[in-house]
Structure formats: C-alpha cells, structure tokens
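*Asks:* After the sequence you'll find the predicted model.
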Amino acid sequence: MFETPDLTLLGTEIFMLIMACVVLVADLFVKDKGHKLTYLLAQFALVFGFYYTLKLGMATEDATIAYAGSYIFDGMALILKLAIFITAFIVLVYSRPYINERDILRGEYYMLVLFATLGALVLVSAHSLLTIYLGLELLTLASYALVASHRDSSNSSEAAMKYFVMGAVASAFMLYGMSLVYGASKTIEIGLIADAMVGTQSLLFGMGLVFMVSGIAFKLGAVPFHMWIPDVYQGAPTPVTAFIGSVPKIAAFGMIMRILVEAMPSLESNWMMMLIILAVLSMGLGNITAIVQSNIKRLLAYSAIAHVGYFLLGMIAGTPDGYSASMFYILVYALTTVAGFGVIIFMSRAGFECDTLDDFKGLWQRSPWYAFMMLMTIMSMAGVPPFIGFWPKLEVIMAVLNADKDLVWLAVVAMVFSIVGAFVYLRIAKVMFFDAPETDAELGSDLSMRIVLSLNGLAMLGLGLFPTLILGYCVAVFA
Amino acid sequence: MNELPLLSLLIWIPIFGGLLLLLLGDKNPGLSKTIALVVSVVTLALCVPLYQGFDVSTANMQFVEHAAWIPTLNINYSLGIDGFALPMIILTCFSMVLVIVAGWEVIENRPGQYMAAFLVMQGLMNGVFAALDSILFYVFWEGMLIPMFLIIGIWGGPNRVYATLKFFLYTFLGSVFMLVALIYMGIKASSFAIADMHTLAMPLDVQSLIFFAFLLAFAVKVPMFPVHTWLPDAHVEAPTGGSVILAAIMLKMGTYGFIRFSMPITPDAAVEYSFLMIVLSLIAVVYIGLVALAQQDMKKLIAYSSIAHMGFVTLGFFIAFGLMSEGHVNAAELGLQGGLIQMISHGFISAALFLCVGVLYDRVHSRNIADYGGVANKMPVFAAFFMLFAMANSGLPGTSGFVGEFMVILAAFQENFWYAFLAATTLILGASYSLWMYKRVIFGDVANEKVENLTDMNMRETMVMVLLAIMVLGFGLYPAPLVEIMDASVKNLLECGIQSKLTEVAVGVCS
C-alpha cells in the first residue's frame, strides 16, 4: 500500500542536508576555540559528498529520471556536482583564516555554506520547474545570509540588502515565467514541457521564455541585469564573494541547460537571439567598465560580467560542442575566480582589507611566489595561453564559428572585447610587478590556505598544459 | 629517424631551467646565473646535432614529433622544422647565450628571475618556430608575451610601464584576429595542422579576410608601417637583453609568419594585395629610414633602423608574387632568399648594435647621442667593434648586412625599376644614420667628464662582441651554408606553396 522510493539517487542531497543540521547542532553544543570541529565536519561533508557522488556516477550509466520526473541524475549533473564540491571545499579553506581573524567565526557560516551548496546540488539535478525553483531559492537564501555575515560592516549589510531585493525580483521573474509555461503546457516536468511545445505557437510559451531568460540573466549577472553584481561582490566578505562568484555560476549553467535546452528546444531561435544580446552587452560593458575600477573586488565583478558574456557564446552556438564549451568555460571560470579571490584573502588581514588595486603594489617584491600565482590567475582570466583560461575561450569561439549560423561577427566582437579585457588584467599585473610596495606587512600565514592557494594557482598552468583533464569530461557529457 | 626528441628538448630544457630558477629564488644569484648559462649553452649545443642531422635536399618537415594533445578538437603537439625554421632556432639559441652573458653583472635587481624569464622565453620562441600545429603555434606565440612583458616592465627604463603595456596590447591585438582565422580554417579543414591549411582551397573573399587577419598579427610583430610605433618605445625602455631578443628574434617571427602562414595559405589574396605590401615595405625602408636619421636616442635610432631593415625582408617576400607571374622564377627565389638572409643577418647586427649601446649605457647611464663624443679615445677596442657593426648596419659589402639587401635589390630590379630604386636608397640612408651616429658618439674630442672616465670593454663584453663579429663577417663573406639550408624550402614555397588555390582542383598539385 505504501512503497518507499529508492533513495540512493538522492543520497548526496540527503547526506548534505543531514550534515548541515549536524554542523549547526555541533556548533551549538561543542564549544571549542576556533570552531575547528564545525569546520572539519563541514569539510568532511563536502569530501564525503564528493566521494558518494562519484561512486553513484560510476554505478549509474544512463541518465536516470526519478521521483515522478522531478529529479534527474545524468552526466552533466554528475560533473557539475563534483565541481560544486571541489569549489566549495576550496572556498571553505580560504574562508577559515579570514573569518577567524575578523570575529565572524560562527558555526552558522559553515552551515550556510553547506545549505547553499545543497541548493546548488538540487538545482543541477532538477528536472521539473518546481525543483529548479526549490534549488535556486535554497542557494540564494543561504547566500543572502552569507553576504550579511559580517554584521558590523555597513558595506556587508548594504550588499546583502541589494542582493536580497534584486534576487527577489529575479525569483519573481522566474516564477512568473514558470507559471506561464505551466499554464500553456499543463506540466512542470522538463521533458513533458518540451513535448508539449512541439507544434504549438502559443504566445504563452514565448512570454514564459522571456521572463525565465530575464530571471536567468539576473542570476548570472548578464547585462542589462547586472547591476547588483559589483555592489555585492565588493560589499560581501571576500570569501563569500569567492563563493557567490563560483558555485552559483556552476549551478546556473545546470539551470540554463535544463530550462532552455532541455525544456524549450523548439524555441531555440528565440532564446538564441536573446542570449546574443545579453552576451554582446555583457562582454562589452563588463570589459570596458572594468578598466576604470580601482577596487579589485569590483574589478573582478565586472570581469565576472564579461565572462558571463563569453560563457553565453557557447549556448548561442546551440550545438553539443557549444554546450560542452560553455560547461568547460564555467568550470574553468569558477576555478580561476576562486584563485583570484583567494589571493585577495591571502593578502588581507584583520583591520586591513586588501581590496584596492593599490594594495597589490609591489606584491612581486613582497612575495614572488604568490605574485606569480596571481599572475597566472589573471592571465588565465585574460585568456592568454598557455594558461587554462585560454582553452574555454578558444572552445566557445570555435563553437560559435562551427555552428553554421553566420556568427563570425560575434566571434570577432568577442575577440575585440577580449583585447579590452587584456588591458584590465594587465593593470593588475602592472601594479603587482612594476610598482614599489607600500607596506611590507606579513601575508597570510595559514598553512592549509598556502597549500591550497598554491595548488589552485599552479592548476592554472598545469590544466592549461593538459586541458583535456577537464575538457574531456565536458565533451563526454554532451557526446 | 632520430632517437632524441631534439625539438622538444630545445623547447622544454630552457622552460624547465627557467622554472627551476624561479623556484630557487634570489638567495644565491651566482648559482642562478651559472645555471642559466649552463642551460643556454646546453640548448645551443643541442643545435649542433640538429644542424648536422638536417637534410638540406628536401623541403619536408624534419625531426618531426607528434603526440595527441587535445584529441577532441584534433589539436596535436606536433613539431618539425624545415629550412625556414632551422636557422631561426639556431639564431634564438645563439642570441640567448649572448643575452645571458651580457646581463651577467649588469642586472642587479633579482638576476635569477631575469634569467628565468629569458630562458622561459627561449623555450617558447623555439616552440613558435618548431610548431606544426596552428594552435600549438598560437600558444607559444602568445605565451611569449608574458615573459617579455615582465622583462620590459621590471628591468626596463623610466617609462617602462607605458612601453610594456603598449607592447603587450599591440601584439595581443594583432594575434587575436589571427586566432579567429586559425579557428575558422581549422574548422574548414577539420584539422589544425598547418600543412592541412596549406592545401585548403578557399575563395578569394575568404582568403582576403584571412590574409588581413594574418597581416594584422604579423605586421605588428615585424613591425610594418603604420603599426610600428610600439617598437621604438619598447626598445628604448627594455633592458639591453630585452632589446636584443626583441630585435634579433621576435621581429623575425612576424616575417616567419608571412612565409609559414600568409603566403602559402592565402596565396591568391597575397597576389591581390602584394602591391600594398610592397608599398608598405618601401615606406618602411624610405620613410622610417629618414625618421631614424632624426633620432637623438641611440636605441631609438637602432629601433627605427630595424624597422627599415625588416622592410627589406617583407619587400623580398612580396615581390616574389609579381616575379613568379612574369616567369622570373630565379629572381623570385633570389628575393625570397634575400629576405630570409636579411632576417638572420639583421638578427646578428641589431643584437650587436643593441649590445654596443648597452656597453655604453652601463657606464654612462645615458642613451642620448649628445651625451657622448670622443669615446674612441677611451675605448678603442669597443670603437673598433662598434665600427664594424655600424658598417654592417649600413650594408657594407663583406658584412652579412650586404648580402640580403643586395639580393633583394637585385630581385626588385627585375620586377620594377622604381622598387629597386627606392629600396636602394637604404644604402644611403642606412649609411647616413648609422655612420652619423657613430661619428657623433665615437669620434671627436672627449665630450665630457663621464666619457673621460670610461673604461674599455672587459673580457666578458669583448667575448660577446667577438662572437657576433665572427657571425657578421662570416655570413657576409660566405653565406653559402645559410643559402643551402633554405634552398629546398624556398623552391618548394615558390613551386607549390604559393600556387593559386581558389578551387579544389588546383590544390595539391605538388606535395
């Protein structure tokens, strides 16, 4: 009369939920100095979650849709989940010394990161509009709180406020679009929506698409829905910026794939046009505005906007090659941006936020090693070979040229703006290497942070020499 | 056919040597410098088996190495050299030893990292010349910018930041369009191998666009008028070693690009626009020659003279199309070969001149011609070497500077009297700016106290000069070995490479 569904597929999410609660409770009762236990528990959750997902992925060969069509576990979900775990793990390593020094060290921090990660996991595995919305809200609600976690800082609160208002508007857009699509198709399941759309010219689908694309653009921070990005990036505590600059982007890729490619393939020509506009504006405005920024977090925020533009190129191509290129792009971007914010965290200390460009002056003389780490990171962002950031750029451009859609102009535009972008990143290199240092203060001393940051930086070069390590999986997913 | 992957070694030994130096840090500069010297000498020594094993009778790629790199995109790690690449690789390795020796005592700010940057760059430059895959080529080509950016920016002169940013952005600007062209052709040919692009048939309008994309990339690098303005800035601000590498190797990459990419891949567009190229080359020769005459700064003068001399190279390359269509095969060959010899010869001469200026600059800390005068009284040995190189720069017979220019002028005569006439003005202009500078710096009475206190070159500096003098005189008197290496490749380029490939039928007529 009542059958318990097989919960192995959902194991990762259930485990993460339990661990988030355990972290919360553990932090309440165990009073160790530095909240070491909570930290370790949170990291354990991520590591084990990674392991479980990997095993699950190896055991499951085909894409599995379960739980009344609301959940999917396929190659894309697997890779994105693994990437989310890795990124969240790195962010937590970077977070610890930062929140330790600034007295925002509370168990909630770790708990919120775990919940946000859970939201991201749900999002990439969502197979109905409702699950998508559930994952999205879980992710963003936890992020709002994270941004506000530095309670005494007015910047932090302001950023959280903006983030919340904008995020709420975006969610409303999404939800409205979803309701229209539901109205027209009578279903919320991704696959069934795609079927329902075939052969109809319903205006409702078009309207729903417009609202959903707007919502997605809000979440991604594509121009003209980008206004919140610079303020939030700048105002949030730096490790939180690293988090919201990476994990939600990976999850958003999953969301775009599910909504646009899987649910609305028959409207491809429509959403492609919208994405072209978003991409061109994002690349242009992001790169050009970044030139005049003096705050490095803000600069990276505009660079994030520009990168979203490049990322969208692959989606515009509308081919499996394009999707794998976009996926590659977003994974590489997440890894790179985390390294960038990692260096910022590394150079900051309590009472001194290293967030202006001038604070990077003479880093080469203070610490050649980390100057080179940062150099590799920004050169990767600029797309200069042999660093990893070059390959996804190459891939998306290739996908666009290969798509048989007469989009050579788009590739040229993208390249022109990447020259502008190069100037932006060269400015950072310039202050690091050519200017004299203004302080000789100690850099961060946390050992685990040093190790992970160095590995993260070296990955820019190492993966750049062997891009197939990531690219191979991205291609396999859409093969 | 060869047991050792020589080309890979030539690329990776310097790069790993450089990384090792970076890891060592600057605690022991003496050790770092010794390692750098050893690495550069070892790579130069590796050129010996490369030269000996090179078969001059064929235009095929030799020492080929092939490994899958990114199989999903069909991008491969494939290396190989022909008669165009071999001399450039040897020149690169040779110049690098000089640069390291020349920077031995001069660089005080973290010498280890200075050497490291040069070694990494050496590996990447060898990679540019050896790459047979266009994306691999692009990776080396762009990767090279970063060490050079740092070299100029960290160890350069007062206005170094402006100069290095300009350098980076100009070159980056050119090369991204080349990347789009490469990707486009890679998709059309379903392969990124340069050889496959050579046989790809394309209509004229597509060829033209690709030709201009390449032109932008290579013209910036050469540099050709009107995109040459970064070079004087970069040269003036770069440390001596940086100037040497810029002039001796990096400029040649532009012209190397023309013969490796533009001419064989888009021959019909090249014919279409060869007049434009010839005009730009002649502007470089005449106008830039005049500009050089007006310079007050020695390095700037040499920089402008470099642009003028590189104009000869592009002239020699692009008159070939006109000559071929009129049936003057020998003249076309002469022009191409002249251009190639000019590339090598200018590598030696410009390196020597920049090193000469470096010798003076290290003592007086000025590059202004007006700050000198009567140096011969205090530095007779130096004056003698400087004389030789200044003469070579103005194309004196017996020096390597003469050979290439003479061949190009000879070839140009068959094409059009006025081309030859304008090109030949370089003999007057070159002599004017080189010798006038020489006169003002070296001859006359001792100008001021700083010159009064000059000491002549030490062992290390003399050794560098002697090596370069041998090269300049050697190739001037007996250029045959160089011609021999290039001959097969030149013939192949003329017979097969630049044949029309508008239609499928014509393609692959000879291979």
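*Replies:* Yes, it's here. Numbers count the residues shown, from 1 in each chain, chains lettered A, B, ... in the order given.
*Asks:* What about B:Phe421, how many residues nearby?
*Replies:* 13 (other CB atoms under 10 Å in any protein chain shown). Every C-beta, even on glycine, is put in place using the N, C-alpha and C of the backbone.
*Asks:* and the helix or strand encompassing it, what other elements does it pack with?
*Replies:* Element membership of B:Phe421, judged by DSSP states H and E, is helix B:417-442. Judged by 3 or more CB pairs under 8 Å, 6 or more residues apart in numbering or on different chains; DSSP states H and E, helix B:417-442 is in contact with helix B:274-293, helix B:298-325, helix B:375-378, helix B:380-393, helix B:400-415.
*Asks:* Any idea which of these gets closest to B:Cys47?
*Replies:* helix B:400-415 (18.5 Å; CB to CB).
*Asks:* How about the residues of chain B by chain A?
*Replies:* B:22, B:25, B:69-73, B:110, B:113, B:135, B:138-139, B:142-143, B:145-146, B:149-150, B:153-154, B:160-161, B:164-165, B:168-169, B:172-173, B:176-177, B:179-180, B:183-184, B:186-187 (CB under 8 Å from any CB of the partner chain).
*Asks:* A strand includes A:Ile65, no?
*Replies:* Yes: secondary structure of A:Ile65 (DSSP: H, G, I helix; E, B strand; the rest coil): part of a strand.
*Asks:* Just the buried residues of the residues of chain B next to chain A.
*Replies:* B:22, B:69-70, B:72-73, B:110, B:113, B:135, B:138-139, B:142-143, B:145-146, B:149-150, B:153-154, B:160-161, B:164-165, B:168-169, B:172-173, B:176-177, B:179-180, B:183-184, B:186 (16 or more other CB atoms under 10 Å in any protein chain shown).
*Asks:* So which of these are in strands?
*Replies:* B:Trp69, B:Ile70 (DSSP state E).
*Asks:* Touching the helix or strand harbouring A:Leu275 from outside, list them.
*Replies:* Per DSSP H and E, A:Leu275 falls inside helix A:268-291. With contact meaning CB atoms under 8 Å, 6 or more residues apart in numbering or on different chains, helix A:268-291 is reached by A:206, A:209-210, A:213, A:217, A:222-224, A:226, A:260, A:264, A:299, A:302-310, A:312-313, A:315-316, A:318, A:405, A:410, A:413-414, A:417-418, A:420-421, A:423-424, A:427.
*Asks:* How far away from the center of its chain is it?
*Replies:* 18 Å (CA atoms, centre = their mean, to the nearest Å).
*Asks:* ok, which stretches of the stretch 151-300 of chain B are helices?
*Replies:* Taking DSSP state H, counting those that start in this stretch, the helices of the stretch 151-300 of chain B run over residues B:160-189, B:194-198, B:204-221, B:230-237, B:240-245, B:251-257, B:263-265, B:267-272, B:274-293, B:298-325.
*Asks:* So for B:Gly373, which of those sits nearest?
*Replies:* helix B:298-325 (12.7 Å).
*Asks:* Grab the nearest non-local neighbour of residue 328.
*Replies:* I'll assume chain A. A:Cys474 (4.3 Å; CB to CB, 6 or more residues apart in numbering or on different chains).
*Asks:* My question was about chain B, not that one.
*Replies:* B:Gln414 (5.0 Å).
*Asks:* Tell me how many other residues crowd the one you found.
*Replies:* Using other CB under 10 Å: B:Gln414 sits among 19 other residues.
*Asks:* B:Leu323 is in contact with that one, correct?
*Replies:* Yes: at 6.2 Å, B:Gln414 counts as touching B:Leu323 under the criterion of CB atoms under 8 Å.
*Asks:* shared neighbours, these two?
*Replies:* B:Ala331.
*Asks:* quick one on the thing from earlier: show me the contacts for the residue nearest to A:Phe328.
*Replies:* A:Cys474 neighbours (CB under 8 Å, 6+ apart): A:Ile79, A:Ser324, A:Ala325, A:Met327, A:Phe328, A:Leu331.
*Asks:* same thing but 7 Å
*Replies:* Contacts of A:Cys474 were listed using CB atoms under 7 Å, 6 or more residues apart in numbering or on different chains, and they are A:Ile79, A:Ser324, A:Met327, A:Phe328.
*Asks:* from the chain's centre, how far out does the helix or strand of chain B with the lowest mean pLDDT sit?
*Replies:* Here the helix or strand of chain B ranked lowest by mean pLDDT, DSSP states H and E is helix B:449-452, holding a mean of 81. Distance of helix B:449-452 from its chain centroid, counting by CA atoms, centre = their mean, is 35 Å.
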